[in-house]
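[1] fold the following for me, if possible:
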Amino acid sequence: MSGGFDIPAKRRKEIVRHALHVGAAQTEDFSRWLVVWVMHNRNAIDQIWSLMEAANREDGRPLTFFGAIGTQHDDILADLHRP
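    Model prediction:
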């Protein structure tokens, strides 16, 4: 974002930092952090690749393509398109 402050980018960094701090990747609800991260990444051209990279940063292990697809289930996508 030229000449301005990119709030969603700052928020994504905060989400990754918090997930690392609480060890979210080792919990059953890791996908919750990923969903919130995606919600703050609405302008991505390739949302699946972005999600896989975010999971890799939060967990240190790569998220597979199918894992990313599973995280973006229909109900998650419905949340993303909420106004």
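
[2] what about E58, how many neighbours?
    22 (other Cβ atoms under 10 Å). Where C-beta positions appear, they are placed from N, C-alpha and C, glycine not excepted.

[3] show the contacting residues for the closest residue to it other than its chain neighbours.
    Once flanking residues are discounted, E58 sits nearest to A19: 4.3 Å by Cβ to Cβ, 6 or more residues apart in numbering. Contact analysis of A19 by Cβ atoms under 8 Å, 6 or more residues apart in numbering lists A25, F30, W33, E58.

[4] at 7 Å instead, please
    A25, W33, E58 (Cβ atoms under 7 Å, 6 or more residues apart in numbering).

[5] including secondary structure, pLDDT and distance to R11, could those residues go into JSON lines?
    JSON lines is the format used below for the contacts of A19 (DSSP: H, G, I helix; E, B strand; the rest coil; pLDDT from 0 to 100; distance: Cβ to Cβ, whole Å):
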{"residue": "A25", "secondary structure": "helix", "pLDDT": "77", "distance to R11": "19"}
{"residue": "W33", "secondary structure": "helix", "pLDDT": "81", "distance to R11": "12"}
{"residue": "E58", "secondary structure": "helix", "pLDDT": "71", "distance to R11": "14"}
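
[6] present those residues as CSV; the columns should include distance to I45.
    Shown next, in CSV, are those (distance: Cβ to Cβ, whole Å):
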residue, distance to I45
A25, 25
W33, 22
E58, 21
